[in-house]
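[1] My questions concern the predicted model and sequence given below.
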Amino acid sequence: MSVDRVSNMLSSLKNSAMAGKDFVEIKHTKECEAVAKVLEDKGYLEGVKAFKEEKGAKMLHLGLVKKEDVAVLSEVKIVSKPGRRIYKKANELRPVLKGIGVLVVSTSRGIMSGQEARKKRLGGEVLCEVY
């Protein structure tokens with residue numbers, strides 16, 4: 001049985017946004033931190049911080065951006081799953097909702113937004129769509 005930490009993180013973010021929470025704390029992985037940094041750059045998260053609990057477990061603190069008491073992040077669509085990975089070439093990466101949302105792609109040069117990957121002419125595994 002595998003644990004998909006990125007999917008768990010994205011589900012936690014969506015649930016917290018729907019519940020009106022200000023932040024989420026999840027277990028730290030490099031991949032989760034990289035995805036969170038992309039979402040922070042695009043304005044969906046604020047204050048992505050890694051910290052260590054008393055017990056020794058490393059955690060991530062993710063603050064949700066709110067406008068008028070409503071979270072900016074409203075929908076998350078997980079594209080690649082452990083049972084079915086979705087790969088796209090650079091010219092196949094399209095804007096999400098005509099540029100309103102963000103596509104998160106894992107490339108050979110790290111995790112980045114779909115727009116960045118198109119500019120650098122890199123394809124890769126499509127992790128999720130956020131809008």
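    Okay, I see it.
[2] How about the contacts made by Leu64?
    13, 16-17, 21-24, 44-46, 71-73 (C-beta atoms under 8 Å, 6 or more residues apart in numbering). C-beta: built from backbone N, CA, C; applies to glycine.
[3] How about it: which residues does it bridge to?
    Leu45 (DSSP bridges).
[4] mind checking how far it is from Lys21?
    According to C-beta to C-beta, to the nearest Å, Leu64 and Lys21 sit 7 Å apart.
[5] if I look at Val105, how far off is Gly47?
    24 Å.
[6] Which one's more surrounded, the two?
    Comparing Val105 with Gly47 by other C-beta atoms under 10 Å, the one with more neighbours is Val105, at 28 against 12.
[7] so which helix or strand takes in that one?
    strand 102-107 (DSSP states H and E).
[8] list the helices and strands the next helix or strand after that strand packs on?
    Moving toward the C-terminus from strand 102-107, the next helix or strand (DSSP H and E) is strand 110-113. Strand 110-113 sits against helix 30-41, strand 102-107, with contacts defined as 3 or more C-beta pairs under 8 Å, 6 or more residues apart in numbering; DSSP states H and E.
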